[in-house]
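**Q** dropping the sequence and predicted coords here.
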Amino acid sequence: MNCIIDMENFAITPKGLRMMLAGLIVMVAGYILMTGGGSDDPQVFNYAMFDFRRLVAAPVVIIAGIVIVAVSIIKVFPENKR
């Protein structure tokens with residue numbers, strides 16, 4: 001039994017794996033954009049919770065990351081055999 005990893009038997013190519021990692025990084029960036037905006041005093045309402053970054057930009061970035069991950073899983077990348 002040979003213990004060497006054979007890249008030909010993997011379901012995802014190295015390029016797809018790099019693309020999936022990039023999509024996960026984009027998703028984490030979207031979640032970071034969504035943080036903040038809270039108030040230390042519960043009696044004071046903070047309107048910073050409802051700004052453009054948290055309501056529009058962050059969800060769009062997260063959805064873009066999900067699309068990148070989905071494409072990296074579904075797309076068949078051609079192999080570069082040298």
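**A** In hand now; what should we look at?
**Q** show me the shaky parts of the protein.
**A** 1-9, 80-82 (pLDDT under 70).
**Q** would you list every one of the helices in it?
**A** Using DSSP state H, the helices of the chain run over 14-34, 52, 58-74.
**Q** make JSON lines out of these and add distance to Phe45.
**A** Bear in mind the C-beta positions are built from the backbone N, C-alpha and C, glycine included. Below are the helices of the chain laid out as JSON lines (distance: least, Cβ to Cβ, whole Å):
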{"stretch": "helix 14-34", "distance to Phe45": "19"}
{"stretch": "helix 52", "distance to Phe45": "18"}
{"stretch": "helix 58-74", "distance to Phe45": "21"}
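**Q** so can I have a markdown table of the ones you listed showing distance to Asp40 and mean neighbour count?
**A** Output for those, formatted as a markdown table (distance: least, Cβ to Cβ, whole Å; neighbours: other Cβ atoms under 10 Å):
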| stretch | distance to Asp40 | mean neighbour count |
| --- | --- | --- |
| helix 14-34 | 19 | 15 |
| helix 52 | 23 | 8 |
| helix 58-74 | 22 | 15 |
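**Q** closest to Pro42 out of those helices?
**A** Between Pro42 and the helices of the chain, the shortest separation by Cβ to Cβ is 20.6 Å, and it involves helix 14-34.
**Q** ok, now how distant is Met27 from Asn46?
**A** To Asn46, Met27 is 26 Å away according to Cβ to Cβ, to the nearest Å.
**Q** same question for Ala11.
**A** Note on Ala11: its distance to Asn46, by Cβ to Cβ, is 47 Å.
**Q** higher neighbour count, the two?
**A** Neighbour tally, Ala11 and Asn46, criterion other Cβ atoms under 10 Å: the higher count belongs to Asn46, 12 against 6.
**Q** these two touch, right, that one and Asp40?
**A** No: the criterion here is Cβ atoms under 8 Å, and Asn46 misses it with Asp40 at 9.1 Å.
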